[in-house]
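A.B. asks: Structure, please.
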Amino acid sequence: MAASTLTEVARLAGVSPATASRVLNGSARKPGKDIAERVRQAADSLGYIPNAQAQGLAKSSSGLIGLIVHDIADPYFAAIARGVQEAARGQRKMVLLATTGGAPAEEKEAVAAFAARRADSIVIAGSRSSREEDQEDNAELAAELDRYCRNGGRVAVVGHPVVGATAPEGYHVLAVPNQELAGVLARELAAGWDGDFVIIAGPEGLLTSDDRVQGFQDGLAGAGRAPAAILRTQFNRAGGYEAGLKLAARIKGEGDGTGETGRKLCIFAVNDVMAIGAAAALRAEGLRIPRDATIAGFDDIETLRDFRPALSTVRLPLEEIGRLATRATAPAAEGHDSDGPLPQSITGEVTLRRSTEAA
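C.D. replies: Below is the predicted model:
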């Protein structure tokens, strides 16, 4: 059976198609109660299904939120996505997802695609890059975001602002105190450890990683300790595993060029998935945590509940970050003000567990 049209509904209700559209597609301009009821009865009798695109045009809203993450398989981004989805459901909106691998060029394409689909707002989660090779792509991403905001879109970015973005309105940054929290972690670890420290970090110029490295080094300095050696690798589990193999060689006395050999280490990986990868490499080389090395991460992702020994880390409220970022993009008319003012920064806490205890 062919779908009924708006024109047929209007004819049956005895109104114009424009009036029928205002009733069924959610326009702010609503006809009288009796007319609206007549139109709805006509639509029900004909089995008319409103067109989502027409509803969006009538409301000046598509009911869509675009979410851009580096890798949805990463538990960090999955948790933030859950928070975004929960908040979107409360706003009666749907979430469109784009994964970009952290490349600014891919993020720009995602923003353009969401804008073309008239997404009401966009949430971007993932570390920004200040690397020279990303300079041109950063500029294009910033220009695309500025254009989107000028046309009425709203954007929330988790962490650092998009490099070069200048939109004066519709642009919110939810800061994460990575540097401060990494410093607290370093001081607490230094209080119970008198040996060497090593940081497993992402590529230089990846701002989240750089902040955590700097914060940890500052914390060590504040505790009167020497700076940690730094191993730079991919900002993921595979990178952590690669670094873990090098550190296993150092711990066993084989050397890897990062310092003395044959000594127990306290390892700080700048995110939990890197810590998990490093710990797996140490186990593969016959080493045990915390007997042969201690290790800590950052984020407190959900999968740590099954990690043994329990991993020391910095806990971030990841789902709440997703909810807050989504609230930041909602206009006041949609009621987010009733939840209280939006924070400019989220909070976290150091959580020490078995992985950094003295063996």
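
A.B. asks: And for residue 232, nearest residue in space, chain neighbours not counted?
C.D. replies: The shortest distance from residue 232 to any non-neighbouring residue, by C-beta to C-beta, 6 or more residues apart in numbering, is to residue 201 (5.1 Å). Using the backbone N, CA and C atoms, a C-beta is placed for each residue, glycine as well.

A.B. asks: which residues touch the one you found?
C.D. replies: Applying C-beta atoms under 8 Å, 6 or more residues apart in numbering to residue 201 gives the contacts 209, 210, 212, 213, 230, 231, 232, 233, 270.

A.B. asks: Please confirm that the second one is located within a strand.
C.D. replies: Read it as residue 210. No - looking at residue 210 with DSSP: H, G, I helix; E, B strand; the rest coil, it is helix, so not inside a strand.

A.B. asks: how about the nearest residue to it, chain neighbours excluded?
C.D. replies: Spatial nearest neighbour of residue 210, chain neighbours left out: residue 204 (6.8 Å); criterion: C-beta to C-beta, 6+ apart.

A.B. asks: just the fourth one next, same as before
C.D. replies: Distances taken as C-beta to C-beta, 6+ apart put residue 201 closest to residue 213, at 4.9 Å, once the chain neighbours are dropped.

A.B. asks: Please work out how many residues are found near residue 130.
C.D. replies: Residue 130 is flanked by 14 other residues according to other C-beta atoms under 10 Å.

A.B. asks: no wait, residue 32
C.D. replies: Using other C-beta under 10 Å, residue 32 has 9 neighbouring residues.

A.B. asks: next one: residue 247
C.D. replies: Residue 247: 24 neighbours (other C-beta under 10 Å).

A.B. asks: any idea how far residue 233 is from it?
C.D. replies: For residue 247, the distance to residue 233 equals 11 Å [C-beta to C-beta, to the nearest Å].

A.B. asks: what residues are shared contacts of these two?
C.D. replies: Both residue 247 and residue 233 are contacted by residue 200, under the criterion C-beta under 8 Å, 6+ apart.

A.B. asks: Isn't residue 181 up against residue 350?
C.D. replies: Yes - contact criterion C-beta atoms under 8 Å: residue 181 and residue 350 qualify, at 6.9 Å.

A.B. asks: tell me, what residue is most central in the protein?
C.D. replies: The residue lying closest to the centre of the chain (C-alpha atoms, centre = their mean) is residue 125, at 3.0 Å.

A.B. asks: is it in a bridge, and if so with what?
C.D. replies: Applying DSSP bridges to residue 125 gives these bridge partners: residue 158.

A.B. asks: before we move on, the earlier item: neighbour count: residue 181 and residue 350, which is higher?
C.D. replies: Each of residue 181 and residue 350 has its neighbours counted (other C-beta under 10 Å); residue 181 has more, 23 against 20.

A.B. asks: show me the contacts for that one.
C.D. replies: Per C-beta under 8 Å, 6+ apart, neighbours of residue 181: 215, 298, 314, 348, 349, 350.

A.B. asks: Check which helix or strand it maps to.
C.D. replies: Using DSSP states H and E, the element containing residue 181 is helix 178-191.

A.B. asks: Could you do residue 244 as well?
C.D. replies: Applying DSSP H and E, one finds residue 244 within helix 237-251.

A.B. asks: Could I have the CA atoms of that helix written out in CSV?
C.D. replies: The C-alpha atoms that make up helix 237-251 are tabulated as CSV, following Å, rounded to 0.1, in the frame of the first residue of the first chain:
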residue,chain,number,x,y,z
ARG,A,237,47.4,-0.1,23.3
ALA,A,238,49.8,-1.2,20.5
GLY,A,239,52.1,1.7,21.4
GLY,A,240,52.0,0.7,25.0
TYR,A,241,52.9,-2.9,24.2
GLU,A,242,55.8,-1.8,22.0
ALA,A,243,57.1,0.4,24.8
GLY,A,244,56.6,-2.4,27.3
LEU,A,245,58.9,-4.7,25.4
LYS,A,246,61.6,-2.1,25.5
LEU,A,247,61.2,-1.6,29.2
ALA,A,248,61.2,-5.3,29.8
ALA,A,249,64.6,-5.5,28.2
ARG,A,250,65.8,-2.7,30.5
ILE,A,251,64.4,-4.3,33.7
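
A.B. asks: Tell me the first helix or strand C-terminal of it.
C.D. replies: strand 265-269.

A.B. asks: how far out from the middle of the chain is that next one?
C.D. replies: Centroid displacement of strand 265-269 relative to its chain, using C-alpha atoms, centre = their mean, to the nearest Å, is 25 Å.

A.B. asks: Run through who's touching the helix or strand that it is followed by.
C.D. replies: Using DSSP H and E, the helix or strand that follows strand 265-269 in sequence is helix 272-284. Outside helix 272-284, the residues within contact range by C-beta under 8 Å, 6+ apart are 74-76, 200, 202, 233, 235-245, 247-248, 251, 267, 269, 288-289, 292-293, 295-301, 303-304, 307, 311, 313, 355.

A.B. asks: Using CSV, lay out the contacts of residue 201 together with distance to residue 12, neighbour count and pLDDT.
C.D. replies: As requested, the contacts of residue 201 are exported to CSV (distance: C-beta to C-beta, whole Å; neighbours: other C-beta atoms under 10 Å; pLDDT from 0 to 100):
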residue, distance to residue 12, neighbour count, pLDDT
209, 63, 24, 97
210, 65, 21, 97
212, 64, 29, 98
213, 68, 24, 98
230, 73, 17, 97
231, 72, 23, 97
232, 69, 17, 97
233, 67, 21, 97
270, 64, 31, 98
